[in-house]
Structure formats: structure tokens, C-alpha cells
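K.L.:
how would this look folded up:
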Amino acid sequence: MKTVGIICECNPFHGGHQYLIDCACKSGAEAVICVMSGNFVQRGEAAVLSSHARAEILISSGADAVVELPFPYAASSAEFFGRAGVEILSRLGVDEIWFGSETGDLSILSRFAETAASPAFREAYIKRAEGGDGTASAYFELLSEMSGVDATCAPNDILAISYLRAIRTLGSNIRPVTVKRQGSGYAEETLIDEQYPSATALRHMWEEHEVEAVLPYLPGICGEVSRREVRAE
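P.N.:
A predicted model of the protein is given here:
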């Protein structure tokens, strides 16, 4: 029996999440277990829907179980977010961890992960960030330079790298599988792809125009649950 684990926020659940679950199921997974942030997500922001509502959506969309990523890790940086998620999935005994990435190439991501784990990278990164470069741009540039890989690194790649580093640090037997991100970019603020919109764009529209405006962009039961939860507030 092959079991697959997915680490997520689902804030809100969108077409990209559905695509990842569908890919995992089509690969022969007999069980999909999601480790999901609770009522608060990265940067300590409140999720648009409660953890119970988001878990209900995941179960209705193909997941078999949803467990909560504790708040200190859910609101932390990618390194701690990823490590906690991988450790939970390891303890649950899943065979594979599936995640989206902009690169979509596990060999490149593995090279990045190996580079990011080195003391030389950490030292160079601190110096470059302290020298005035933004922390994100310094991280991306150094990964490419020091790994010898001519590839652009983006937000979901950073999470992917954190998962790969955690697997290595923990000595986990989980096999990583990446799926190339579809549609809009991670931080895209406008809805330019109806099938695969970014969560950022959906949240902006939700805040500006309320839930009814985003319902056409939410897959499956997500729209129904979102409307129900908002009306119950």
C-alpha cells in the first residue's frame, strides 16, 4: 500500500492543490495524508477559513486524512515549516512526500538542497544579506552561484528545498516527488489564470469583494463550504 503525504496551508484551497492531489492519486497512491496549518498560517496571519472547514474541503477533494501542523511551525520560516511537516509525515509512516515547485526538477532541487545545507553557503548568505541585499534575492542568487546550476529559484522551490533538507537531516526514508507548479505564480496578486489561480490573488479578491467574488475560481466543494462558513460568521 503506497501512502503519500502533502504539506499545505490551503489558504484557500485552489486548483493547484487539487492538481497535486489528483497527480498523487493517479500515481497509485492508496492513501493521501495532508499535514496542514491550523487557524493561523505563515507570518502568523489568520487563515481565510477555519482549519476544520479547510480539512473538510481536503477530504472531499481526495485526501484521506488531515493532521494539523502546530502553530509555532506553521507560522515559522520555510526551514522550520518544512522540517516539522516532514517529521510528522515520517512518524506517520508515509512512503512519499509530494510537493509543487516552480523548477519541477528534483535533481536541480536536490543540488540546491545540498548547497543550502553547507556551512560555506550559510556564511556567504549571511554576509551578502548583511551587505544590503534582500534576504530572498541573496538566497536565490547564492544557490545558483554556489550549486553551479543555472536555474531560477522561486518561493515553492524554497519550500521544496526545505523538505529535501529535512529528509536528509532526519534520516527519513520518505521518497520526494515534485510536480511542476501550474498556472499563476506564487505571489501573483491578480487572477490571470482561472483554473490555477494563486492563493495570494484569491485572498486579495476575497478581502476586497467578499467571498462571492472568488467562488467561480474555487474547485469542487470549496466554494460551497466557503459560502457556508462566511454566512455562519
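K.L.:
just the element for the residue nearest to residue 49 when sequence neighbours are not counted, please.
P.N.:
Sequence neighbours aside, residue 229 is the residue nearest to residue 49 in space, at 5.4 Å (criterion: CB to CB, 6 or more residues apart in numbering). In short, each C-beta sits where N, CA and C put it, glycine included. Residue 229 is located in helix 222-232, with elements delineated by DSSP states H and E.
K.L.:
neighbouring contacts of that helix?
P.N.:
With CB atoms under 8 Å, 6 or more residues apart in numbering as the test, helix 222-232 has contacts from 12-14, 48-50, 53, 56-57, 60-61, 210-212, 214-216, 218.
K.L.:
of these, grab the buried ones for ChimeraX.
P.N.:
Of the contacts of helix 222-232, the buried ones can be selected in ChimeraX as follows, counting by 16 or more other CB atoms under 10 Å:
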select :12,13,14,48,49,53,56,57,61,211,214,218
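K.L.:
quick one: pLDDT of the residue lying farthest from the centre of the chain?
P.N.:
Here the chain reaches farthest from its C-alpha mean at residue 131, the gap being 29.7 Å by CA atoms, centre = their mean. Note on residue 131: pLDDT of 72.
K.L.:
contact partners for it?
P.N.:
Taking CB under 8 Å, 6+ apart, we find residue 131 in contact with no residue.
K.L.:
put the alpha carbons of the helix holding residue 229 into CSV.
P.N.:
This file holds the C-alpha atoms of helix 222-232, laid out as CSV (Å, rounded to 0.1, in the frame of the first residue of the first chain):
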residue,chain,number,x,y,z
CYS,A,222,-14.6,24.5,-1.8
GLY,A,223,-17.0,27.2,-3.0
GLU,A,224,-19.9,25.7,-1.2
VAL,A,225,-18.0,25.3,2.1
SER,A,226,-16.6,28.8,1.9
ARG,A,227,-20.0,30.4,1.4
ARG,A,228,-21.5,28.3,4.2
GLU,A,229,-18.6,29.3,6.6
VAL,A,230,-18.9,33.0,5.8
ARG,A,231,-22.7,33.0,6.3
ALA,A,232,-22.3,31.3,9.6
